[in-house]
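1. give the three-dimensional model of this entry:
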Amino acid sequence: MNETPHVLSSARTLWELVDRRADLTPDRPVLLQEDRVLTFGDLRTRAERVAAGLYGMGVRPGTVVAWQLPTRIETALLSFALARLGAVQSPVIPYYRDREVGFALRASKAEFFAVPGVWRGYDHTDMARRLGAKGVFEAYDDLPDGDPSTLPAPPADGTSVRWVYWTSGTTSDPKGVLHTDRSLIAGGSCLAHALRLTPDDVGSMAFPYAHIAGPDYTVMLLLHGFPAVMFEHFALPQALAEYRRHGVTVAGGSTAFYSMFLAEQRRQPGEKLIRSLRLLAGGGAPKPPELYHCVVREMGVRLTHGYGMTEVPMITMGDPEDTPGNLATTEGRPPEGMEIRIVDGEVRLRGEAVCQGYLDPVQTAEAFDEDGFLRTGDLGYLTDSGHLVLTGRRKDVIIRKGENISAREIEDLLHTHPAVQDVAVIGLPDEVRGERVCAVVEQPPGAEELTLPAVTSYLRAAGLSVHKLPEQLEVVEALPRGETLRKVLKYKLRERYSDPEISGSEASGTTPGP
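-> I've put the predicted structure just below:
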């Protein structure tokens with residue numbers, strides 16, 4: 001058994017982890033992008049030069065530096081340069097605009113702000129100046145450069161807050177989530193251990209590097225010593241050439257990514273989509289059991305799904321060697337050191353990978369219980385084998401005539417319908433029932449349009465209780481999704497279809513419920 005990942009995971013800081021890996025395998029690649037290759041040795045050498053350039057600009061240990069950059073080798077270099085200095089980083093998803101970016105800059109009190117200039121047709125530098133950001137500099141192709149001999153000693157403390165990540169704002173301001181180097185290393189260690197990867201694997205980053213999954217995944221690369229292909233902009237089928245060219249063995253990101261790969265596979269049945277691919281892995285959104293079975297059957301790969309959030313980058317992860325039943329219906333098991341407690345159906349967490357709280361002390365006080373467990377807002381239970389099953393979120397519990405209804409249960413059943421490509425079930429205000437059940441469906445190309453009677457008939461035949469049947473059906477071309485892990489944005493659906501003036505029996509596409 002290779003003990004190297006275990007030894008490396010004891011690193012106190014991210015920079016110490018980089019340093020140890022560069023000593024072990026300096027010439028092995030870590031990041032691949034188009035024709036470019038960055039080795040572990042290059043990562044250390046070039047990041048130190050960037051750190052020296054930043055130091056010359058006035059960045060010091062503890063300086064707050066925000067950056068809004070795409071998934072590029074340069075972004076990783078800048079981030080590790082800041083880690084070398086012991087600065088406080090505030091990564092911002094590159095798709096965010098004035099409201100979210102302005103809030104992040106103000107709340108974090110950022111003293112510097114790195115932007116990509118004009119990226120995908122949008123002028124980030126102009127936005128930064130419009131928002132009055134301090135220390136704005138562009139870091140797309142060209143990065144600050146300097147003499148590493150001018151640098152102070154690397155940080156030795158891995159438990160100080162050096163990262164401020166942002167929850168995606170929906171109808172309110174984002175929350176600034178506080179992380180340490182050690183909490184990020186703990187999260188990445190969990191992922192590395194669970195997926196059973198080897199130095200011969202090739203991974204992929206198809207998600208924004210500014211997402212919490214960025215360091216989570218990079219820690220895994222550093223622990224196991226294998227590379228990943230970076231995608232500045234991910235789209236299928238365009239990205240397939242890079243997957244094939246670099247021989248990617250592990251791909252994924254979230255449930256939406258599994259669905260996209262599966263859709264491409266169905267365009268060429270009988271021919272493996274990516275010959276080198278052996279594993280899809282991800283998390284960040286619910287995984288319908290039917291999707292798991294379709295991926296395994298049609299793509300001929302394994303699929304492991306996990307559970308994580310901005311506050312805790314990795315909580316549980318499926319094991320490729322687990323049973324199909326557990327892989328299809330659970331989120332896997334927690335690693336050593338992650339405590340899971342179920343309180344009144346809610347999942348609560350305690351462990352090294354858990355964040356230190358939020359920028360707002362009031363939010364921190366509300367988030368943790370008296371025993372120091374983080375309240376997740378997710379509902380679930382632990383099986384006898386220690387696997388975690390998520391049943392939904394508190395806000396996804398629909399209360400109809402006083403009865404609690406799980407949106408997740410209905411969604412999982414509808415995912416088995418051949419005319420359903422994706423679905424979101426929401427509760428809508430209803431004068432008579434309190435809330436009514438609404439199913440919003442995205443159909444595959446060429447499918448016959450669904451009707452409410454057809455949906456309710458299918459669900460009844462599947463054994464769903466009558467009081468849980470949808471009373472409203474909406475068919476859409478595409479469900480609204482976020483730009484990071486492409487989660488379905490249910491709040492947008494609630495805004496679109498909620499109307500307090502309409503009762504359930506009068507709303508478009510509904511029938512009176514039981």
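
2. going forward, measure contacts between C-alpha atoms and count neighbours the same way
-> Will do.

3. could you give me the buried positions within the longest helix along the chain?
-> Determined from DSSP state H, the single longest helix within the chain is helix 40-57. Neighbour-count burial for helix 40-57, counted by 16 or more other CA atoms under 10 Å, picks out 40-56.

4. and if you look at stretch 330-348?
-> By neighbour count, with 16+ other CA under 10 Å as the criterion, the buried positions of stretch 330-348 are T330, E331, G332, R333, P334, P335, M338, I340, R341, E346, V347, R348.

5. was I right about the first one contacting S385?
-> No. No contact is recorded between T330 and S385 when judged using CA atoms under 8 Å, the distance being 10.9 Å.

6. what's the distance between G270 and A239?
-> 20 Å (CA to CA, to the nearest Å).

7. who has more neighbours, those two?
-> A239 (13 against 10; other CA atoms under 10 Å).

8. returning to what we had before: most widely separated two among the buried residues of stretch 330-348?
-> P335 and E346 (19.3 Å; CA to CA).

9. who's in contact with D360?
-> D360 is in contact with K175, G176, counting by CA atoms under 8 Å, 6 or more residues apart in numbering.

10. from P227, how far out is E411?
-> For E411 relative to P227 (CA to CA), the value is 36 Å.

11. which of the two has more neighbours?
-> Higher neighbour count among E411 and P227: P227, with 27 against 20, using other CA under 10 Å.

12. wait, the more buried one sits on M220?
-> No. P227 is beyond contact range of M220, at 9.7 Å (criterion: CA under 8 Å).

13. where in the stretch 351-500 of the chain is pLDDT low?
-> Applying pLDDT under 70 to the stretch 351-500 of the chain picks out residues 402, 483-485, 499-500.

14. same thing but 80
-> 392-397, 399, 401-404, 431-434, 465, 482-487, 499-500 (pLDDT under 80).

15. show me where it has helices.
-> Applying DSSP state H, counting those that start in this stretch to the stretch 351-500 of the chain gives helices spanning 361-367, 407-414, 452-461, 490-497.

16. out of the ones you listed, the one nearest R84 is which?
-> Once the helices of the stretch 351-500 of the chain are compared by CA to CA, helix 361-367 is nearest, at 27.9 Å.

17. show residues contacting the closest one.
-> G357, Y358, L374, R375, T376.

18. do the same with stretch 254-274
-> With CA under 8 Å, 6+ apart as the test, stretch 254-274 has contacts from 236-237, 240, 243-244, 248, 252, 280-287, 291, 294-295, 298-300, 485-487.

19. now it: buried residues?
-> S254, T255, A256, F257, Y258, S259, F261, L262, A263, Q265, L273, I274.

20. ends of it, what's the gap?
-> Rule used - CA to CA; the end-to-end distance of stretch 254-274 is 18 Å.

21. domain ranges for the protein, per the record?
-> 4-182, 401-497 (automatic domain parsing).

22. looking at the ones you listed, which is buried most?
-> domain 4-182 (a mean of 19; mean count of other CA atoms under 10 Å).
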